[in-house]
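Visitor: Got a predicted model here, sequence first, then my questions.
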Amino acid sequence: MAPGITYFCTTWEGKEDGDLLLDRMVLFLKAYQDELRKQKRIGAIRNSEIAYLPVMIKASNLSILNWDVGDYSIKKPNPFEYLIYLQHNVRLMRWLENNWDTLVYSVQRALKES
C-alpha cells in the first residue's frame, strides 16, 4: 500500500513536484480498505497497521531513493533523467517531514471513515 501511495499520490508538476496529494491518497486508502474488507482471509487494515502507515510511506520513498541511486550507478543512463527522479523523491521526503502531522491525521481519518 505504501509504495502505491508513493507512486500514485504525488505530483510531478512544477513547484508542487514531490508534494503528496492528500485528497488522492484519501481516495486510494478508502478504495484499498473497501477492497480488503471484501477479502475474507485478509480483512480490513487494523488500527495497529494504520498507526504505522505514515512511517511505511516514508520507508517506501527511501526505498525508491535507493533505487534511483543504485539503478543509475549500474546502468549509467542519461543523468538528467535520473536527476528528475532523485529530485522528485527528495522533495517528497521533505514534504513528508514538513507535513508529518497532517499526513498522520489524513491517514487515520481516511481509514477510520471508510
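Guide: Looks like it came in fine.
Visitor: For residue 68, see how far away the residue located most distally from the centre of the chain is.
Guide: Of all residues in the chain, residue 76 has its C-alpha farthest from the mean position, at 26.6 Å, by Cα atoms, centre = their mean. Look at residue 76 and residue 68: by Cβ to Cβ, to the nearest Å, they are 14 Å apart. All C-beta spots, glycine's among them, are computed from the backbone N, C-alpha and C.
Visitor: Show the pLDDT at residue 54.
Guide: Confidence at residue 54, expressed as pLDDT, is 96.
Visitor: Quick one: list the elements packing against the helix or strand harbouring it.
Guide: Residue 54 is part of helix 47-75 when elements are defined by DSSP states H and E. The helices and strands touching helix 47-75, judged by 3 or more Cβ pairs under 8 Å, 6 or more residues apart in numbering; DSSP states H and E, are helix 2-8, helix 79-98, helix 100-113.
Visitor: Including distance to residue 27, could these go into CSV?
Guide: Below are the helices and strands packed on helix 47-75 laid out as CSV (distance: least, Cβ to Cβ, whole Å):
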stretch, distance to residue 27
helix 2-8, 10
helix 79-98, 18
helix 100-113, 8
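Visitor: mind putting these in TSV, distance to residue 16, mean pLDDT and mean neighbour count included?
Guide: TSV is the format used below for the helices and strands packed on helix 47-75 (distance: least, Cβ to Cβ, whole Å; pLDDT from 0 to 100; neighbours: other Cβ atoms under 10 Å):
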stretch	distance to residue 16	mean pLDDT	mean neighbour count
helix 2-8	15	95	16
helix 79-98	9	93	15
helix 100-113	15	91	15
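Visitor: Relative to residue 32, which of those helices is closest?
Guide: helix 2-8 (7.6 Å; Cβ to Cβ).
Visitor: out of the helices and strands packed on helix 47-75, nearest to residue 35?
Guide: Once the helices and strands packed on helix 47-75 are compared by Cβ to Cβ, helix 2-8 is nearest, at 12.0 Å.
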